[in-house]
Structures are given as structure tokens and as C-alpha cells.
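Q: Give me coordinates for this.
(one chain, ligands or ions: 1)
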Amino acid sequence: MTLMKTLKAGSVWLLACLAFIASCNDHKPKPDNLPHVNENPQAANSIDSSAAPAVPQPGDHRFIVEINKMKFVPDQLTVHKGDTVVWINNDLTNHCVTDTGKAWTSSTIVPGRFWTKVFTKNADYFCAIHVVMKGKIQVE
Ligand SMILES: [Cu+2]
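A: Down below sits the predicted model:
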């Protein structure tokens, strides 16, 4: 009988441990805590959430296009020749940046990652994964 009692007590203890482990799993970090890539605060300020094209400021050589909620923000950007555009995927799904004429592509940009390109001429681009997502880079 003593052995049976020990086994019963042991299984109760085991169940308590399993319940504790299961409750710990509820406290995992939520996926919306994705890292944001903002190395240059000044460049981050060039994000313009309005529909109007962003206007480059003197001294700006890098512009950020945020990919969020299935949109390029801003979707129209005016830069100077030789400026760099950084696309940051802050969305929850994969995206890409592909020239409309297929002259270049970023390939897949997973959430939390970014891709950069230097521009010397105008470009229309889209996301080849979600073809309704479109954007434009105007080079002055
Ligand atoms: Cu996309």
C-alpha cells in the first residue's frame, strides 16, 4: 500500500509540474514585438505617411520606405541621383521590391529585415508576392 501511495503522490506531483509548464507557455513574447531597423533617426523622420510624395531635405542621402499593412509607405518618393532607399519590412508577412520592368528585385524580405538600393534613375516597382502593392521612386 505504501508503494501505491507513493506512486499516487508522484503522479499528482507530475501533473502539477505539467500544469505549471503549460501555464509558462502562455507567457511567451507576442510576435508583434518584432525588431524595428532604425539605425538612422534622421532617415526615419523622412517617413511620410501621407499620400503626397516625400520631399528630400538638403543633406539627406538615405530614405526609408516602410512596408506595413500590405503597403509601401510612402508609396511615392523623390530622391536625388545617388541616394539610397531602404525598404524595411515591418509587416507580419514576406514582401519583396521588384522593378516593374524586372530590371532588379530585392528577392524576399522577411518581417523585421530590410533591403537597400541606390537610385540613379526613376523606377516604378511592385511586390511580386502581392502584385497590388506598388510604389514609385522619382530621381531628380
Ligand atoms: Cu508583398
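Q: Show me what the strand or helix carrying residue 78 is packed up against.
A: Taking DSSP states H and E as the criterion, residue 78 maps to strand 76-79. With contacts taken as 3 or more CB pairs under 8 Å, 6 or more residues apart in numbering; DSSP states H and E, strand 76-79 sits against strand 62-68, strand 134-139. From N, CA and C alone the C-beta is placed, and that goes for glycine too.
Q: deepest of those strands, which one?
A: Across the helices and strands packed on strand 76-79, averaging neighbours per residue (mean count of other CB atoms under 10 Å) puts strand 62-68 on top, at a mean of 22.
Q: Partner strands of the first helix or strand past it going along the chain and their direction?
A: Note on strand 62-68: by DSSP H and E, the next helix or strand toward the C-terminus is strand 71-73. Sheet pairing for strand 71-73, assigned by DSSP bridges, gives strand 62-68 (antiparallel).
Q: The strand it pairs with and the ion, any residue contact?
A: No - Strand 62-68 does not reach the ion (CB under 5 Å from the ion); its nearest approach is 7.1 Å.
Q: Kindly export that strand (C-alpha atoms) in CSV.
A: C-alpha atoms of strand 62-68 as CSV (Å, rounded to 0.1, in the frame of the first residue of the first chain):
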residue,chain,number,x,y,z
ARG,A,62,19.1,57.8,-47.4
PHE,A,63,15.3,57.4,-47.4
ILE,A,64,13.2,54.8,-45.7
VAL,A,65,10.1,53.1,-47.2
GLU,A,66,8.3,51.2,-44.6
ILE,A,67,6.4,48.1,-45.7
ASN,A,68,3.4,47.8,-43.4
